[in-house]
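Asker: Fold the stuff below for me.
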Amino acid sequence: MMKRALVLTGIILLLLNAGGCKKSDSTTSSDTYTDNLTLGLGLNSTNLFQLVAQGTTFSMTPNLMIYWRLESKDDMAGSAVTIKVEKLTNGTYSTVLSTQYPNPQSYGHIMLSSFPITSAGSYRATGILVNGSKTIGTCNFTVQ
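Answerer: Numbering: from 1, shown residues only. Coordinates of the predicted model:
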């Protein structure tokens, strides 16, 4: 009888332990992150994963740098990123810049950097993961 109670107690403790370790939060990285490309004029000095002056309309200045933040719902797994910038001329987009940026990490969902713009106009920027040639996000913007 004592042996039976001991086995039963062990089974109950095992079930309680397994139930206590069960993840109750159903949020996954694909729920937390989205595929998105955003543009701005700089990086937030207190949170480097945020852009400052984020938007889609920018004023032309000498040496204009547009900062970008590419967020992927899936882990980038260290993939380099290509940012392709196209300018709209007479109703047609043509590539004016296509730069590959090495990923400084072997994991993560967010990457940031910048590219120069040398003339006013309407543009489209596209963020592409090099591994798998997966387009993550596109953003239309204007430089006045």
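
Asker: Could you pull out the helices in the chain for me?
Answerer: With DSSP state H as the criterion, the chain has helices at 2-21, 29-32.

Asker: Chain neighbours aside, what residue packs nearest to residue 105?
Answerer: In this structure, residue 105 finds its nearest non-sequential neighbour in residue 78, 6.5 Å apart by CB to CB, 6 or more residues apart in numbering. Quick note: C-beta positions are derived from backbone N, CA and C, even for glycine.

Asker: Return the set of buried residues in stretch 61-70.
Answerer: 64, 66-70 (16 or more other CB atoms under 10 Å).

Asker: Distance from it to the middle of the chain?
Answerer: Put simply, stretch 61-70 sits 17 Å off its chain's centre (CA atoms, centre = their mean, to the nearest Å).

Asker: as a whole number, average confidence for that stretch?
Answerer: Averaged across stretch 61-70, pLDDT comes to 97.

Asker: ok, now stretch 39-46?
Answerer: The pLDDT scores in stretch 39-46 average 94.

Asker: Now do the contacts for the residue nearest the centre of the chain.
Answerer: Nearest to the centroid of the C-alpha atoms of the chain, with distances taken as CA atoms, centre = their mean, sits residue 71, at 1.0 Å. Residues counted as contacts of residue 71 (CB atoms under 8 Å, 6 or more residues apart in numbering) are 33-38, 109-110, 136-137.

Asker: With distance to residue 93 and neighbour count added, can I get those residues in a markdown table?
Answerer: Shown next, in a markdown table, are the contacts of residue 71 (distance: CB to CB, whole Å; neighbours: other CB atoms under 10 Å):
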| residue | distance to residue 93 | neighbour count |
| --- | --- | --- |
| 33 | 27 | 16 |
| 34 | 24 | 12 |
| 35 | 20 | 18 |
| 36 | 20 | 16 |
| 37 | 15 | 20 |
| 38 | 20 | 19 |
| 109 | 28 | 18 |
| 110 | 26 | 15 |
| 136 | 18 | 21 |
| 137 | 16 | 18 |
